[in-house]
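Colleague: show me how the following folds:
(2 chains)
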Amino acid sequence: MKRPDVIVIGSGGGGAVIAKELGELGLNVLMLEAGPWYGNINWPSPNIEKGGVCSSSPDDLDVNLFKESYNKLENNMNDLIAGKLRWGPANREHPPWNRSYQQRGFAWQISGVGGTTQHYLANSPRAFPSAINGKWPLTYRELIPFYEKVEDELPVEFAPTTSKEELFYFGAKKAGWKLINTLNVVSPGFRPQPNAIFLPNANLLNPAYSEKQLSWMEGCTLSGHCINGCPHGPSVSKIAKRSTNVSYVPAALNTGNVKIQPNTFSYQVVTENDPKEGVRAIGVKVRNTWTGERDELSADCIVVAAGAIETPRLWLNSSLPYNRWIGRGLVNHNMDMVTGVFNENELFPILGSNVISPFVGHTSGARLDYPGLGSIQINGVSPGLMASFTYAFSESGTEKSPHTHTSGKQGRVTGEELIELMADYQKSCSILIVTDDEVDRKNRVSTLPAQLDENGAIPSIHYTPTRMTQIKKRKLVKIASDILLQAGARKVIHSNWPSGLMIHIMSTMRMGYVVDQNSESYQVGRLFIADNSILTNGLGGANPTLTTQALAVRTAGKIYKKYF
Amino acid sequence: MPSSNSLRWPYTTQLNFMAIVDTLIPSSVGIFNSGWRLQYGGVELSIWEYLLMSFDNLPTPLSNEVSQLLDLSALYTKKEHYHSPFFIYNPHLCKGIFSKLSRKDRLTAITRLDNLKIPLDILPIPYKNNPALLQITIDSLYQLTVFGYYSEWYGYGYTRYNPPSFRYLCTYPVTWSYTGYPGPSFAYRDFRGFLLNKSNLKSE
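Modeller: All right, here's what the predicted structure looks like:
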């Protein structure tokens, strides 16, 4: 193949965006992806046989194949060990890729074209301005045009109201919170989630269309499968939830300048010492996940978008120059879950229905933001995920906790109590706690030379929340419990998740420390980063994807201007 | 009962995994105005096999090591119970003793591991002196059991022994009826309008 101008490592939330932007600028781009590609005719059985090598045409996208893969069954899709949406090679008979955790918890990431956006909830808020200004090398104002471009192209829309959002708004209002009518959050309040999900199908309430017919039309059908992988729409590029494999990837292919190579794990960045430019990136060493064949690819610029765990791992395993912030400053929003269980007679006056049915609508369609503390977000997932994250995952253990108060309970639930709570699944709704997590250099991704897999030393993850982060989390838990109680919950369960649960994984290659304000490495020329690792901090508690995407757009322009 | 497909695991490992699942989700009887209903537990719905397969699909298969952890913790639980001054752990003689405990004692034994109330230097590799991995494993026992139970796992019927890409729903996942989950859907018509839309944002 023709030598690419730019190689992008990773096709997730950031990689796919920068590939499309560079392609639009006329550059020749090769995007490498470690995992499978669902919905492309070159890989008709993406988990069973190795299929083709790469794809560069939008005509290769096939919505029938896509729907066949994304079958909405949670065990098949979401199982972290052998599911389709996991961190591992395409062949599900092989184990997932290993990580070493120095505390309880795990990282919930996905390999494959689209990366972790395949299961993300598409929540696309902007950062809180107070988390950017004075703390980043950029100002919030500088980010706005890039936010607007991404919001327009995905697109981002305010989530429609279904029962669980209605209940959340009711409780929030009763608890004294105000609606905030803005994308730029400077004061506390609740609002619908700005989600990268198409508006609901205009015929959703028209009985002339069957539900199946609706699922083949453009627009969200409120089917509730965001987290299981949304398959609804008339073509791959018109799937309702705008994971990058259905938004930026088709747009990248449409430029005619982007080639995507899945099943390709990048394990080393190749550099040289140029007499004029100094140390600079010139290529990537890769390994095919089906055959084990190795190859070396070269380009004029390298963009790493492998995610906030693999990007520092790649740096360390490539023996790139020392920087005291490589892998350091990891934040994860120190998440938690609070769940309310309701009685029918309390629900009916609010909803006109005896149930909430948390599996209906956007998986998360409403939020409350509190600059300085973080945010809380309504959450309704399929029952296996609900049981496992709400009732089976806790730092408090299974015994009754001393923190238990009359209206609530903390910790895991088992036996008959679990059976009873899950029998009330339809009358339950959860709130996710997303904390404004303070950066601490001690929290990090490093590598352990003694622990190797086929791609080199594996990442080791250390995370302990700071005292300030813990205080903020407790305040948010209280706010969420209060909203549920105000809405009439008869019981509130605080899961008390282990702090090491990694869902929003950020700030391990921070802008201003490892990369400059154009996302180029301070120490290795022509090496750019375009994932959550460059976020200087946790954005105050806003979900990271949109900001990473806005930065990826900005970085593409900088690369073009500086090197082409 | 265990089928021939289960023969790949030592019998005592199978017993211990059945015992975990039975501790966390036993079968139960629900009483309603209309009568009573038996709710199958995790053992009847083969969740212990899901658990075994999951632990053996990790980068390092761990089902036998997990079974050993449970036996060790069971011994400590017993020892405390009877204030026994003698304590000799023989991994061959003690295999499967976790499964012989009462449900209450099994939960105590699991909790003992969770709380690291066991000498970490006597644990089998890779758990030896590795408290984080031990706690992650206990978390996984809980999470995988309930995820398997409340997901569609049981519906895979005889295809559950197949590699993941060759499993098909052959029967109704009965646990969906325990939660009221209707299964995958094409659409729901519970549209209640918009609280905000982009066109009515305050000018900024």
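
Colleague: number of residues surrounding residue A:253?
Modeller: Counted by other Cβ atoms under 10 Å in any protein chain shown, the residues lying close to residue A:253 total 25. Every C-beta, even on glycine, is put in place using the N, C-alpha and C of the backbone.

Colleague: tell me who's in contact with it.
Modeller: Residues near residue A:253 by Cβ atoms under 8 Å, 6 or more residues apart in numbering or on different chains: A:55, A:56, A:57, A:58, A:60, A:61, A:260.

Colleague: low-scoring stretches of chain A, by residue?
Modeller: Across chain A, the ranges flagged by pLDDT under 70 are A:1, A:399-407.

Colleague: try it again with 80
Modeller: In the predicted model, chain A carries pLDDT under 80 at residues A:1, A:397-408.

Colleague: quick one, helices of it?
Modeller: A:15-24, A:63-69, A:74-78, A:129-132, A:140-153, A:163-174, A:211-215, A:248-254, A:310-317, A:344-351, A:383-386, A:415-423, A:467-486, A:545-563 (DSSP state H).

Colleague: against residue A:458, how distant is the nearest residue to residue B:44 once chain neighbours are set aside?
Modeller: Spatial nearest neighbour of residue B:44, excluding adjacent residues (Cβ to Cβ, 6 or more residues apart in numbering or on different chains): residue B:27 at 6.1 Å. The gap separating residue B:27 from residue A:458 is 40 Å, by Cβ to Cβ, to the nearest Å.

Colleague: and the two? Which one has more around it.
Modeller: Taking neighbours as other Cβ under 10 Å, residue B:27 and residue A:458 compare with residue A:458 leading, 19 against 14.

Colleague: so that one touches residue A:451, yeah?
Modeller: Yes - Residue A:458 is within contact range of residue A:451, at 5.0 Å (criterion: Cβ atoms under 8 Å).

Colleague: now do the shared contacts for these two.
Modeller: By Cβ under 8 Å, 6+ apart, residue A:458 and residue A:451 have these common neighbours: A:98, A:100.

Colleague: once you drop chain neighbours, what's closest to residue 129?
Modeller: Looking at chain A here, since you left the chain open. residue A:140 (4.1 Å).

Colleague: the intended chain is chain B.
Modeller: residue B:120 (5.0 Å).

Colleague: near the nearest residue to residue A:499 once chain neighbours are set aside, how many other residues are there?
Modeller: Excluding the flanking residues, the one nearest residue A:499 by Cβ to Cβ, 6+ apart is residue A:465, at 4.8 Å. For residue A:465, the count of nearby residues is 21 (other Cβ under 10 Å).

Colleague: residue contacts, residue A:465?
Modeller: By Cβ under 8 Å, 6+ apart, the residues touching residue A:465 are A:334, A:435, A:437, A:438, A:473, A:499.

Colleague: run through the bridge partners of the residue nearest to residue A:336 when sequence neighbours are not counted.
Modeller: Excluding its sequence neighbours, the residue lying closest to residue A:336 (Cβ to Cβ, 6+ apart) is residue A:433, at 3.9 Å. For residue A:433, the beta-bridge partners are residue A:336, residue A:376 (DSSP bridges).

Colleague: what segments of chain B are helices?
Modeller: Counting by DSSP H, the segments of chain B that form helices are B:11-24, B:47-56, B:63-82, B:103-114, B:131-150, B:175-179.

Colleague: angle of the fifth one against helix B:63-82?
Modeller: What it means is helix B:131-150. 100 degrees (axes from the mean of the first three to the mean of the last three Cα atoms, to 10 degrees).

Colleague: for residue A:81, which residues are in contact?
Modeller: Listed by Cβ under 8 Å, 6+ apart, the contact set of residue A:81 reads A:95, A:96, B:54, B:57, B:58.

Colleague: mind running it again at 7 Å?
Modeller: Going by Cβ atoms under 7 Å, 6 or more residues apart in numbering or on different chains, residue A:81 touches A:96, B:54, B:57, B:58.

Colleague: in contact with the first one, which residues?
Modeller: It refers to residue A:96. For residue A:96, counting by Cβ under 7 Å, 6+ apart, the contacting residues are A:81, A:86, A:87, A:88, B:59.

Colleague: hmm, residue A:76 and the second one touching each other?
Modeller: No - at 11.0 Å, residue A:86 and residue A:76 do not qualify as touching, with contact defined as Cβ atoms under 7 Å.

Colleague: count the neighbours of the residue nearest to residue A:346 when sequence neighbours are not counted for me.
Modeller: Leaving aside its chain neighbours, residue A:346 sits nearest to residue A:488 (3.6 Å; criterion: Cβ to Cβ, 6+ apart). When neighbours are defined as other Cβ under 10 Å, residue A:488 has 18 of them.

Colleague: quick check: beta-bridge partners of residue A:194?
Modeller: Bridge pairing for residue A:194 - DSSP bridges - gives residue A:158.

Colleague: and the gap between it and residue A:258?
Modeller: According to Cβ to Cβ, residue A:194 stands 27 Å off from residue A:258.

Colleague: and for residue A:546?
Modeller: Per Cβ to Cβ, residue A:546 is found 22 Å from residue A:258.

Colleague: low pLDDT regions in chain B?
Modeller: Applying pLDDT under 80 to chain B flags the ranges B:1-7, B:30-35, B:79-93, B:199-204.

Colleague: and the residue nearest the centre of it, how far from chain A?
Modeller: Of all residues in chain B, the one closest to the mean position by Cα atoms, centre = their mean is residue B:145, 2.6 Å from it. Counting by Cβ to the nearest Cβ, to the nearest Å, the gap from residue B:145 to chain A is 7 Å.

Colleague: ok, residue B:187 next?
Modeller: From residue B:187 to chain A the distance is 3 Å (Cβ to the nearest Cβ).

Colleague: what sits against that residue?
Modeller: With Cβ under 7 Å, 6+ apart, residue B:187 has these contacts: A:204, A:211, A:214, A:215, A:221, A:222, A:223.

Colleague: what is the neighbour count of the fourth one?
Modeller: Using other Cβ under 10 Å as the criterion, residue A:215 is surrounded by 20 other residues.

Colleague: check contacts around it.
Modeller: A:221, A:232, B:186, B:187.

Colleague: cool, and the last one?
Modeller: If you count contacts by Cβ under 7 Å, 6+ apart, residue A:223 has them with A:232, B:185, B:186, B:187, B:188.

Colleague: returning to what we had before: closest to residue B:132 out of the contacts of residue A:215?
Modeller: residue A:232 (39.8 Å; Cβ to Cβ).

Colleague: how close does the closest one get to residue A:465?
Modeller: Distance from residue A:232 to residue A:465, counting by Cβ to Cβ: 37 Å.

Colleague: swap in residue A:113?
Modeller: 33 Å.

Colleague: cool, residue A:186 as well?
Modeller: Note on residue A:186: its distance to residue A:465, by Cβ to Cβ, is 25 Å.

Colleague: same question for residue B:190.
Modeller: Noted for residue B:190: a distance of 37 Å to residue A:465, by Cβ to Cβ.

Colleague: residue A:408 too?
Modeller: Residue A:408 sits 22 Å away from residue A:465, taking Cβ to Cβ as the criterion.

Colleague: re the thing from before, residue A:194 and residue A:258 - which one has more neighbours?
Modeller: Using other Cβ under 10 Å, the more surrounded residue of residue A:194 and residue A:258 is residue A:258, with 28 against 24.

Colleague: show me what that one is bridged to.
Modeller: Counting by DSSP bridges, the residues bridging with residue A:258 are residue A:29.

Colleague: residues contacting it?
Modeller: Residue A:258 neighbours (Cβ under 7 Å, 6+ apart): A:19, A:20, A:23, A:29, A:31, A:56, A:252.

Colleague: which of those residues are buried?
Modeller: A:19, A:20, A:23, A:29, A:31, A:56, A:252 (16 or more other Cβ atoms under 10 Å in any protein chain shown).
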